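[1] Give me the fold of what follows.
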Amino acid sequence: MTDADRPPLPPFTRESAAQKVQAAEDAWNTRDPLKVSLAYSRDSVWRNRDTFVTGRAQIVELLTAKWRREEEYALRKDLWAFDGHRIAVRFQYECRDADGQWWRSYGNELWEFDEHGLMTRREASINDVRIEEKERRILGPRPDSERGGPGAPGGQGGRGGSLPVQ
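    Sure, this is the predicted structure:
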């Protein structure tokens with residue numbers, strides 16, 4: 001397997017950073033660990049909560065276990081900031097555990113990319129809040145009307161704020 005370019009490539013503009021964020025959201029919402037792992041360099045370093053992994057094989061293992069636990073997973077990511085080959089993202093996702101308890105998870109990610117557009121570093125800080133099913137607001141993939149680029153309603157135009165705080 002080769003590490004072909006994964007556009008958009010750094011250095012990022014507001015538009016290309018928003019495209020990278022939307023591509024990540026779309027990939028994670030597939031819940032396909034192998035597909036998701038291909039956006040990362042072979043030696044990508046992750047901190048996910050209190051877990052540290054290195055390389056695609058460990059990323060696949062982590063994501064496989066994650067999505068085995070997190071049923072009906074649905075995610076939203078928003079561009080928070082960008083500079084050169086780095087992007088900062090805030091996100092929320094909702095899922096249900098095996099006991100039927102719904103959760104909303106809030107987080108921030110720091111991403112760093114190589115010249116091929118592959119993520120070499122991902123640091124994620126995440127907090128979980130119990131919610132009732134009636135409190136859910138992320139009901140599957142982002143609708144086309146909210147997908148984005150600059151100026152798209154609800155899109156990722158780099159505003160850093162379409163996700164509610166609570």
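
[2] helices and strands around the longest helix anywhere in the chain, which ones?
    Longest helix in the chain by number of residues, with DSSP state H as the criterion: helix 14-30. If you count contacts as 3 or more CB pairs under 8 Å, 6 or more residues apart in numbering; DSSP states H and E, helix 14-30 packs onto helix 33-37, strand 71-83, strand 86-96. C-betas here are computed from N, CA, C, even on glycine.

[3] May I see the buried residues of it?
    Using 16 or more other CB atoms under 10 Å as the burial criterion, the residues of helix 14-30 that qualify are 15-25, 27-29.

[4] ok, residue 103 - contacts?
    By CB atoms under 8 Å, 6 or more residues apart in numbering, residue 103 lies in contact with 70, 94, 95, 96, 97, 128, 129, 130, 131.

[5] The residue located most distally from the centre of the chain in helix, strand or coil?
    Within the chain, residue 99 marks the point farthest from the mean C-alpha position, 25.0 Å out by CA atoms, centre = their mean. Using DSSP: H, G, I helix; E, B strand; the rest coil as the criterion, the local structure at residue 99 reads coil.

[6] Would you mind pulling the contact partners of stretch 124-137?
    46-49, 94, 96, 101-109, 164.

[7] Off-centre distance for that stretch?
    16 Å (CA atoms, centre = their mean, to the nearest Å).

[8] likewise stretch 107-119?
    11 Å.

[9] what does stretch 80-88 give?
    Relative to its parent chain, stretch 80-88 has a centroid offset of 14 Å by CA atoms, centre = their mean.

[10] go on, stretch 53-67?
    On CA atoms, centre = their mean, the centre of stretch 53-67 falls 14 Å from that of its chain.

[11] and what of stretch 8-24?
    13 Å.

[12] Leaving out sequence neighbours, find the closest residue to residue 75.
    Leaving aside its sequence neighbours, residue 75 sits nearest to residue 93 (CB to CB, 6 or more residues apart in numbering; 4.0 Å).

[13] per-residue confidence for that neighbour?
    Per-residue pLDDT puts residue 93 at 98.

[14] show me the contacts for it.
    Neighbouring residues of residue 93 by CB under 8 Å, 6+ apart: 70, 73, 74, 75, 76, 104, 105, 138.

[15] All good on my end, thank you.
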